[in-house]
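[1] Based on what follows, work out the 3D shape:
(4 chains)
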2 protein chains.
Amino acid sequence: MQEVFRALADDKRRDILMLLSDQDMTIGDVVDKFDITRAAVKKHLKILEEGKLISVHVRGRERINRLEPMAFQAATEWLSFFSQYWDTHLNKLSTAIENEQGENNDKHNN
Amino acid sequence: MQEVFRALADDKRRDILMLLSDQDMTIGDVVDKFDITRAAVKKHLKILEEGKLISVHVRGRERINRLEPMAFQAATEWLSFFSQYWDTHLNKLSTAIENEQGENNDKHNN
DNA sequence: TTATAATAATACCTTTTGGTATCATGTCAA
DNA sequence: TTGACATGATACCAAAAGGTATTATTATAA
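    Coordinates of the predicted model:
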């Protein structure tokens, strides 16, 4: 989990993920899209790999980097807790309103 | 966007968010839950605030930290691109299979 | 087989991060 | 008003992050 969010925490790495969503790429392909050195790109790809957001497939002397879309689910699920939280609190609010109305009705009935 | 993912990239900060999902808390409340100093907690809260994941409400000499669940949507939406990507590729795959079958049928018809 | 292309590995540098300790400020309550 | 409490603000430190440059490997193609 930590590795996933760490991998997502950098602008360039998120850009790389967008690139890879279009097509698999070698390190060289990725380097051409940025103004940083091959070594820097390599480090980013390593961090993405540690977060399992990409997989690497060696083909001869090339290294194909491929998106692993399923890995994003870990992050999505963690975040979904908070949208659920939001729903829950909306429900609490509407329940509170209903109870308030119920109490008022009771008062009327007394 | 960067600020949101940056805020989510630390274990303790994600823990703090979970705490705040249960109830609003002062800095002191949060400090009691961890083994780090008040100043360190303050820094984490500042980063969470910069990501707009929490809001701060001053009440006398206290500082109430409150979760802002809507802010999580920014991250969720970014991630949703990749689940969509996954769907798209599944569709491509099934379309390819259908086409393959179509071609086979043509061959049979010839 | 040998030069070259693609990548790996290492050392090094600067900035950011996560943390501490210390001192200053503002607010409540007696 | 004055002491204690909650927080704010600095200064400082070690480690991690993001980057460069340089030096190996390894694999392909002539």
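[2] show me where chain A has helices.
    A:2-8, A:11-22, A:27-32, A:38-50, A:72-109 (DSSP state H).
[3] Now the second one - C-alpha only, CSV.
    The C-alpha trace of helix A:11-22 is given here as CSV (Å, rounded to 0.1, in the frame of the first residue of the first chain):
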residue,chain,number,x,y,z
ASP,A,11,4.2,14.3,-11.1
LYS,A,12,6.6,12.7,-13.5
ARG,A,13,5.7,9.2,-12.4
ARG,A,14,2.0,9.9,-13.0
ASP,A,15,2.9,11.3,-16.4
ILE,A,16,4.8,8.1,-17.2
LEU,A,17,1.8,6.0,-16.2
MET,A,18,-0.3,8.0,-18.6
LEU,A,19,2.2,7.4,-21.4
LEU,A,20,2.2,3.7,-20.6
SER,A,21,-1.6,3.6,-20.7
ASP,A,22,-1.3,4.3,-24.4
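[4] How about the residues of chain A by DNA strand D?
    Residues of chain A lying close to DNA strand D (Cβ under 7 Å from any atom of the strand) are A:6, A:9-10, A:12, A:35-37, A:39-40, A:43-44, A:47, A:60-61. Placement of C-beta: from N, CA and C, glycine included.
[5] May I ask which two of the residues you listed are separated the most?
    Longest distance between any two of these is 32.9 Å, between A:9 and A:60; criterion Cβ to Cβ.
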